[in-house]
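**Q** take a look and give me a structure for this.
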Amino acid sequence: MSEVTQEVSERYRAGEHPLPVSILLNIAHALDHLFLLIFATAVGSIAIDLGFDRWEDLMPYSVGAFLLFGLGSVPSGRLGDLWGRRQMMLVFFFGLGVAALLTALAQTPWQLAGGLALIGACASIYHPVGIPMLVQRTTRPGVVIGINGLAGNLGVAGAALITGLLVQWWGWRAAFVVPGLISIACGVAFAVLCESQGPAPARSRKAPQIQLSRPELARALVVMTAAAITGSLIFNFTTNGNTQFLTDRFAGLVDDPAMIGLVLAIVYVCASFAQVAVGHLIDKIPLRRLYFLMVLAQIPWLVLAALASGWWVAFALLGAMVFIFGAIPFTDAMIVKYVDDSMRSRVAGMRLAVSFGVSSLAVWLLGPVVKASGFTTLFLSMAVIAATTAALITLLPKVDTRS
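**A** Numbering: from 1, shown residues only. Purely as a prediction, here's the structure:
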């Protein structure tokens, strides 16, 4: 028996997902973030097509997508625990694909808003369902979450690059159609390759890695949610605004939308690998300390991005995104370490509903804030938000959170 075959057999005996299923679950994370950012990347072209003078005036129509992305996490998490995670992932793949195709047919701003809202509702399934499904059988959650985070951020990079190219070649509608068809194809593959997972998670029990008292657990969940809100604000401000930020700062230097998309994609791809490194460190270093340092490092880079010009903008943005992306795995890691698997999807869903629901305001505010005050004010405000997040992290229970 070859070493590869032996490793696969050992993984199977250990109860881990077959490799094709794990790959599809990671692809799903990439699709989740890609779909949510198609509009933000193509908004300039969409605004022209729908008769808007400025892209900022069209941004508020996308707020429904991010609001439902957050609020939909509650029923998604509940159904994941009580009905089954495999079934919900099938709804995710097929629902996201159909929603994208409907969005591509939009002829008015409100039809566009409706299609984007449906995308947000379907996208809400992944985080409370797909991530718990991916880690429910692993003995190294930090590594798995780190790789999964990389996949998600490659989706962010894909939105910048693929959407830019599709818009340039075939128009903004193709930017929704092509990923929509890919999502449906992945749904077919998942239905074939992922076997029945047995009883729904709510009918089983797997103790968390770290046992906290009820007061400590309540405190951890409150602080985790508050920090997730501020972290999500920064994530939404940057990922939804970076294309226009580079367009603004590169004016006269780089005017080709496809080239700007390529620069942004390179920034995202390089920054995404921070999550893999963080994933390995989460299994070795106390989580509270690592999380604090990762968020604290965001502040100087956001200030530098606010003040930079020319190619220094790309350098500063890369530094900021390394630590913004690097902070993403912590809330999922805390849920794995502190919460029983039988209710992880519901806990994740409630946390996501609050954090993403509140942070959806970032999408609504992005256009008006930039229009009124410019990107310098926006990035300096994000530095203040990062400082707030760091302060919140110090309130986490002082327990050894290593695996």
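**Q** longest helix in the chain, by residue count?
**A** Using DSSP state H, we find that the single longest helix of the chain is helix 214-249.
**Q** let me see the mean pLDDT of it.
**A** For helix 214-249, the mean pLDDT works out to 80.
**Q** now do stretch 327-335
**A** 77.
**Q** how about stretch 130-138?
**A** Confidence for stretch 130-138, expressed as mean pLDDT, is 77.
**Q** same for the longest helix of the chain, what does it pack against?
**A** For helix 214-249, the packing partners by 3 or more CB pairs under 8 Å, 6 or more residues apart in numbering; DSSP states H and E come out as helix 19-49, helix 141-170, helix 257-282, helix 287-296, helix 312-326, helix 329-338, helix 344-373, helix 375-393. Backbone N, C-alpha and C define where each C-beta goes, glycine included.
**Q** mind listing what's buried in stretch 156-171?
**A** For stretch 156-171, burial by neighbour count (16 or more other CB atoms under 10 Å) applies to 156-167.
**Q** so, low pLDDT: which residues of the stretch 251-400 of the chain?
**A** Under the criterion pLDDT under 70, the flagged ranges of the stretch 251-400 of the chain are 338-346, 348-349, 351-352, 355-357, 359-360, 363, 399-400.
**Q** can you give me the helices in the stretch 1-150 of the chain?
**A** When assigned using DSSP state H, counting those that start in this stretch, the helices of the stretch 1-150 of the chain occupy the ranges 3-13, 19-49, 63-71, 73-82, 85-103, 109-123, 131-135, 141-170.
**Q** deepest-packed of those, please.
**A** helix 131-135 (a mean of 26; mean count of other CB atoms under 10 Å).
**Q** find the centremost residue of the chain, please.
**A** residue 33 (5.2 Å; CA atoms, centre = their mean).
**Q** how about the contacts made by that one?
**A** 152-153, 155-156, 159, 239 (CB atoms under 8 Å, 6 or more residues apart in numbering).
**Q** closest one of those residues to residue 64?
**A** Of all the contacts of residue 33, residue 239 has the smallest distance to residue 64: 17.3 Å, by CB to CB.
**Q** I'd like to know how far the closest one sits from residue 324.
**A** The spacing between residue 239 and residue 324, counted by CB to CB, to the nearest Å, is 9 Å.
**Q** same deal with residue 260?
**A** From residue 260 to residue 324 the distance is 19 Å (CB to CB).
**Q** neighbour count for those two, which is higher?
**A** Taking other CB atoms under 10 Å, residue 260 and residue 324 do not tie; residue 324 has more neighbours (27 against 24).
**Q** surely that one and residue 234 touch.
**A** Yes. Using CB atoms under 8 Å as the test, residue 324 is close enough to residue 234 to be in contact (5.9 Å).
**Q** what's the overlap in contacts for those two?
**A** The contact sets of residue 324 and residue 234 overlap at residue 298 (CB under 8 Å, 6+ apart).
**Q** residues near residue 251, how many?
**A** A count of neighbours around residue 251, defined by other CB under 10 Å, yields 9.
**Q** start the count at 754, not 1, going forward
**A** Sure, I'll start numbering at 754, so the last one becomes residue 1004.
**Q** kindly indicate whether it is helix, strand or coil.
**A** Recorded secondary structure, residue 1004: coil (DSSP: H, G, I helix; E, B strand; the rest coil).
**Q** now it: how far from residue 1062?
**A** Shown here: residue 1004 relative to residue 1062, a distance of 10 Å by CB to CB.
**Q** next one: residue 1015
**A** Distance from residue 1015 to residue 1062, counting by CB to CB: 20 Å.
**Q** between the two, which has more neighbouring residues?
**A** Per other CB under 10 Å, whichever of residue 1015 and residue 1062 has more neighbours is residue 1015, with 16 against 10.
**Q** residue contacts, the more buried one?
**A** By CB under 8 Å, 6+ apart, the contact list for residue 1015 reads 914, 917.
**Q** can you tell which of the helices and strands packed on helix 967-1002 is closest to residue 853?
**A** Among the helices and strands packed on helix 967-1002, the nearest to residue 853 by CB to CB is helix 772-802 (6.3 Å).
**Q** what mean pLDDT does that closest one have?
**A** Throughout helix 772-802, pLDDT has a mean value of 86.
**Q** how close does residue 856 get to residue 799?
**A** Residue 856 is 10 Å from residue 799, by CB to CB.
**Q** cool, residue 1016 as well?
**A** Residue 1016 sits 21 Å away from residue 799, going by CB to CB.
**Q** cool, residue 1057 as well?
**A** 31 Å.
**Q** likewise for residue 1019?
**A** 24 Å.
**Q** and for residue 821?
**A** Applying CB to CB, the value for residue 821 to residue 799 is 19 Å.
**Q** with residue 1074 instead?
**A** Per CB to CB, residue 1074 is found 24 Å from residue 799.
**Q** got it, and residue 1006?
**A** Remark: distance between residue 1006 and residue 799 (CB to CB) = 25 Å.
**Q** one more: residue 1084?
**A** 32 Å.
**Q** and for residue 1090?
**A** From residue 1090 to residue 799 the distance is 42 Å (CB to CB).
**Q** dump the residue contacts of residue 1129.
**A** Contact partners of residue 1129, counting by CB under 8 Å, 6+ apart, are 1059-1060.
**Q** residue 1066 too?
**A** Neighbour list for residue 1066: 998-999, 1002-1003, 1058 [criterion: CB under 8 Å, 6+ apart].
**Q** need these in CSV (columns: distance to residue 1144 and neighbour count).
**A** Below are the contacts of residue 1066 laid out as CSV (distance: CB to CB, whole Å; neighbours: other CB atoms under 10 Å):
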residue, distance to residue 1144, neighbour count
998, 26, 21
999, 30, 23
1002, 30, 22
1003, 34, 19
1058, 21, 29
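**Q** good, we can wrap up now.
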